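1. Next input, structure requested:
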Amino acid sequence: MISPFANDKIIKFAGRGIIKMKKNIELEINKEFCKGCSFCIESCPKSCLEISGDLNSMGYHFPVVAKIEECTGCCACSYLCPDMAIDIYELVG
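-> Numbers count the residues shown, from 1 in each chain. As a prediction, the model looks like this:
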């Protein structure tokens with residue numbers, strides 16, 4: 001989620017894919033939480049996400065960022081993810 005706190009720091013956890021975007025926003029997809037519903041892909045107004053050809057440990061295809069430069073940080077993917085596998089952070093400072 002986009003943080004309302006000016007001094008927040010982003011902690012990067014091992015095993016979680018974190019991608020930095022140009023607009024000081026990071027999109028984090030935890031592929032192990034994902035059950036492959038594709039709600040995030042369908043909800044993205046800029047079609048930034050696509051389904052991966054790889055499988056997570058549960059045997060599901062998970063989303064990956066395909067067009068990072070198009071992402072606006074709208075959080076639609078994160079809000080609609082029933083598994084809470086997507087986090088979006090605004091970096092400050």
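
2. Would you agree residue 63 falls within a strand?
-> Yes. Under DSSP: H, G, I helix; E, B strand; the rest coil, residue 63 sits within a strand.

3. what about it, neighbour count?
-> The local packing of residue 63 (other Cβ atoms under 10 Å) involves 25 other residues. Quick note: C-beta positions are derived from backbone N, CA and C, even for glycine.

4. Check residue 44 too.
-> For residue 44, using other Cβ under 10 Å, the count is 22.

5. ok, now which ones touch it?
-> Shown in contact with residue 44 (Cβ atoms under 8 Å, 6 or more residues apart in numbering): 76, 77.

6. where do the helices sit along this protein?
-> Ranges of helices in the chain, per DSSP state H, are 39-43, 76-80.

7. Just the residues contacting the first one, thanks.
-> Outside helix 39-43, the residues within contact range by Cβ under 8 Å, 6+ apart are 47, 49-51, 63, 76-82, 85-86.

8. One more pass at 10 Å, please.
-> 29, 34, 47-51, 62-64, 66, 74-83, 85-86 (Cβ atoms under 10 Å, 6 or more residues apart in numbering).

9. pLDDT on it, on average?
-> For helix 39-43, mean pLDDT rounds to 96.

10. Could you do stretch 55-65 as well?
-> The model assigns stretch 55-65 a mean pLDDT of 96.

11. Ok, stretch 85-93 next?
-> 83.

12. Out of the helices of the chain, the one nearest residue 24 is which?
-> helix 76-80 (16.6 Å; Cβ to Cβ).

13. same for the closest one, what does it pack against?
-> Judged by 3 or more Cβ pairs under 10 Å, 6 or more residues apart in numbering; DSSP states H and E, helix 76-80 is in contact with strand 25-29, helix 39-43, strand 86-90.

14. now with 8 Å?
-> helix 39-43, strand 86-90 (3 or more Cβ pairs under 8 Å, 6 or more residues apart in numbering; DSSP states H and E).
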